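K.L.:
Please work out how this folds:
(2 chains)
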Amino acid sequence: MKRLLAAAALLVGIATPAIAQDHGQMDHSVHQMPQAEAAPTAAEPVDPHAGHSVPAPAEPVNPHAGHTMPASDDGVPKGVAPPVPTDRAAEAFYDPATMARARAAMLKESGGMTFSKLMLDRLEYRAQKGADGYAWEGEGWIGGDINRLAIKSEGEGDVDGLLESAELQALYSRAIDPWWNLVAGVRQDFRPQPQRTYATIGIEGLAPYWFELEAQAFLSDKGDAHVRVEGSYDQRITQRLVLQPAAEVNIAAQDVPELGIGSGLSTIELGLRLRYELAREFAPYVGVHWERSFGDTARYARAAGEGASATSLVMGIRFWF
Amino acid sequence: MTTPIALDRRTLIKSAAALSLAGAFPAWAQSGTPGLRPAPGVLSGDRIALTVGESHFGTGGRSAHAITINGTVPAPLIRLKEGQRVQLAVTNSLKEDTSIHWHGLIVPFQMDGVPGVSFPGIRPGETFTYDFPIRQSGTYWYHSHSGMQEAMGHYGPIVIDPAGVDPVQATREHVIVLADWSPVHPHVLLKRLKQMGGYHNFQRQTLAGLLAGKDQPLRDRMDWGKMRMDPTDISDVTGSTYSFLINGHGTPENWTGLFTPGERVRLRIINASAMTNFNVRLPGLPMTVVQCDGQHVQPVETDEFQIGIAETYDVIVQPTEAKAYGLIAEAIDRSGQVRATLAPQIGMVAPIPDLRQRPLLTMKDMGMDMAGMDMGQGGVIDLSQPANDSMSGHSMKMLDPSAAPEVPMGPGVATLSSMPADRTADRPTGLEDVDHRVLTYADLRSLEPNQDIRTPTRSLDIHLTANMERYMWSFDGVKLSDGADPIAFRHNERVRITLINDTMMPHPIHIHGHFFQLLTGDDPTHNPRKHTVNVLPGGKISFDLTADALGDWAFHCHMLMHMHTGMMRVVTVRPAEDAA
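P.N.:
Below is the predicted model:
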């Protein structure tokens, strides 16, 4: 448990700059209040009814009850809205049960529909020193605007058949503000051996300047914890040609020798991929991928006869539907 | 003077080919029509039968499934007379529910045609008979309120002749129905927008553009990027999938309406699009606007106007030369346009102008208009604010919850207009700098005096809110599907409603069953009466509404996919509490 807390703290520490920058904008906006106070009709954020010529009784049921600047500063009083009726007018003319069915369908079609997306962000061949490799990274979701079920998967292997890593995550994703989602769920690693199951919590979204960011903390069924932070940016060169720099950093709370993970900064991956969107949903790409392990992770790698760093030329496709 | 008549054989052949693919058009929408007149295709009288069906539709090489009424896209013209009563029997031969809403017609609410609000809808195989008196005259239209069928062809024009003398005198008239049409099902278009908000935008700013010195300079791009706002996000669904249509005809099919030089020709222009606001012009031919949303206005001459979705404009043109004039409807994001032709003879072709430069949104479109401070804050300008125009100062206020305390903050509200300006006198998006006259709402004065000019007894602010990245749209930050309460009115009370656009897109907001008077001037007697008003990005608009129609009514953004993602409310009108 301590380790999960440690991992979470680590995650918070890493994720904070992005989120803080984001919310910093909102915080600063509060500092703009002196400006609003200078205006005679300024609204106090705590009391939406302040500053009105006609005091309106609070009507929490009606979202429009609170009048605010800057609209209709023209002598028309705020007034009092009538209570929301409890009847439904159409039921005087049509069968209430039939109307109920139609109303349910209408409400669903007015913001309540379910959507989904399945995206293989990377499916690539890696040409590198030694045996060439392959890798994939993808995600999908299904749900509404706020609550979604999500899956993620990534992995890599050698073309000669050895699957080095493969993981699948099942997540609950919840939109917590205009730009960020909170995710929580489980991750199953099928490779490397021994297999591990993790609990995970994290955050993902769109940072200022259009950076896609995600940060997740993981705690395995054996008690070891680590954090993964990923980011990418789509630089549109033309309407269809996009250059995408991407980075991934992994940090572990402890050594996990059987998985070749050392504590502290364990690996960094950097990629630069140039894709051409034949359609929005289908884009072939070429690029370069570089990864390096550090500290004990590097030591474990060398002990296993692998290099601590690898560079590969990649080509692949990105597609979704 | 003789003008050589240019008969373009290739266009004729292409048109013929396209038409055979498209199938039949109703008489009024056929190319080469001499104009509206009693004809077999026009539905009149007190009993009208309509059958909603499906068919294939094609234009300019794109072809797909479409929804038809009496076998055609657009639907038949319904021509009625003020004072008559009409029964419209609508038979649903689809495999899904359908409905017809009579857009702009003052009908009893139970005949208004919104499933789940005013009636149950029309199930497959069923016939529903609408029955109501005609209490008005003017140009209107009808369309489905079910399952985004309107985007697939389920729309048609309504013309109601006045009981007395028509104040608009014309020797000939044509109905002009503007539309957008995609071979992709609207549900798929919406899914793509949910998956990727900018899916259809192929006019974004690029590195190549920056290097070529186009669009915003680097500094502005950084500032907008910091806010995660895209100044090219003008339309959600664009010409990348849409073909734009006039009377069901694309540019290659060149719909042609005939005239005799010297005639006063009345064009009844209806924007029946699902997602496209248009700029409308006839190069070389000034237009005199005589009606808007079916309501007469004092004649005002202009060269171009922007027509929001679901609005109608009647204009008079008086071509004196025997030549072809292009009727150009250009999508406001300039991702496409459609050309039709007014000509003395079929086969003549008007030139197609080049698409104009795609506009870029500005800080004003984000509701951060410095000039708006005057109006918004009672003339007090805060000097403690840095005088420089640094955008970092602005960006801090793109989401200041105190700008709208009644709007709950959450994932669906990405921006709030901190200083929304009244934009009724503004030229609309993209027409700010064109070098000819452009109509604004402030130019509209109603011809007949308004009946009710009481000062409203209360006011109501409604925020138009969104998160364009998540493709969430709402009123006051709450989607209809979230269980939003109805907006309640007392019968016959007069309310001043201010729509505040907290988004960077224009929203054509429509209230069913009522006309409101748009506050465009100091004289309430002649403020224009409308059923739909297009609120410009980051701006606000006020109107006075007399809630004179008892019942439950729909109130929504007429961008079909905004409505379908939650930008809608039910409006209730009930006898006042003490009268109940």
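
K.L.:
can you count the residues close to A:His226?
P.N.:
If you count neighbours by other C-beta atoms under 10 Å in any protein chain shown, A:His226 ends up with 24. Placement of C-beta: from N, CA and C, glycine included.

K.L.:
Which parts of stretch B:90-106 count as buried, going by neighbours?
P.N.:
For stretch B:90-106, the neighbour count (16 or more other C-beta atoms under 10 Å in any protein chain shown) marks B:90-92, B:94, B:97-106 as buried.

K.L.:
Bridge partners for A:Thr311, pull those for me.
P.N.:
A:Trp290 (DSSP bridges).

K.L.:
OK, contacts around it?
P.N.:
By C-beta atoms under 8 Å, 6 or more residues apart in numbering or on different chains, the contact set of A:Thr311 is A:Gln128, A:Lys129, A:Val288, A:His289, A:Trp290.

K.L.:
So which of those residues is the closest to chain B?
P.N.:
Distance to chain B across the contacts of A:Thr311 (C-beta to the nearest C-beta) is lowest for A:Val288, with 18.8 Å.

K.L.:
was I right about the closest one contacting A:Val314?
P.N.:
Yes - under the criterion of C-beta atoms under 8 Å, A:Val288 makes contact with A:Val314 at 6.7 Å.

K.L.:
Mind checking which of those two has more residues around it?
P.N.:
Remark: of A:Val288 and A:Val314, A:Val314 carries more neighbours, 21 against 14, as counted by other C-beta under 10 Å.

K.L.:
Is it correct that the more buried one falls within a helix?
P.N.:
No - according to DSSP: H, G, I helix; E, B strand; the rest coil, A:Val314 belongs to no helix; its state is strand.

K.L.:
Go ahead and confirm it touches A:Leu123.
P.N.:
No - if you go by C-beta under 8 Å, A:Val314 and A:Leu123 don't touch, sitting 10.2 Å apart.

K.L.:
separation between B:Tyr142 and B:Val107?
P.N.:
Distance of B:Tyr142 to B:Val107, given as C-beta to C-beta, to the nearest Å: 11 Å.

K.L.:
Apologies, that question was intended for B:Leu431.
P.N.:
Remark: distance between B:Leu431 and B:Val107 (C-beta to C-beta) = 34 Å.

K.L.:
hang on, the earlier thing: tell me, what's touching A:Val288 and A:Val314 both at once?
P.N.:
A:Gly271.

K.L.:
ok, A:Leu274 touching A:Leu241?
P.N.:
Yes - counting by C-beta under 8 Å, A:Leu274 touches A:Leu241, with 7.1 Å between them.

K.L.:
just to revisit the earlier point, what about B:Tyr142 and B:Val107, which has more around it?
P.N.:
Using other C-beta under 10 Å as the criterion, B:Tyr142 and B:Val107 rank with B:Tyr142 on top: 27 against 22.

K.L.:
Spit out the contact partners of the most centrally placed residue in chain B.
P.N.:
Central residue of chain B (C-alpha atoms, centre = their mean): B:Ile309, 1.2 Å from the mean position. B:Ile309 makes contact with B:Asn271, B:Ser273, B:Ala274, B:Met275, B:Thr276, B:Asn277, B:Pro508, B:Thr532, B:Asn534, B:His558, B:Met559, B:Leu560 under the criterion C-beta under 8 Å, 6+ apart.

K.L.:
For the third one, which non-adjacent residue is closest in space?
P.N.:
So the one you mean is B:Ala274. The shortest distance from B:Ala274 to any non-neighbouring residue, by C-beta to C-beta, 6 or more residues apart in numbering or on different chains, is to B:Ala151 (3.6 Å).
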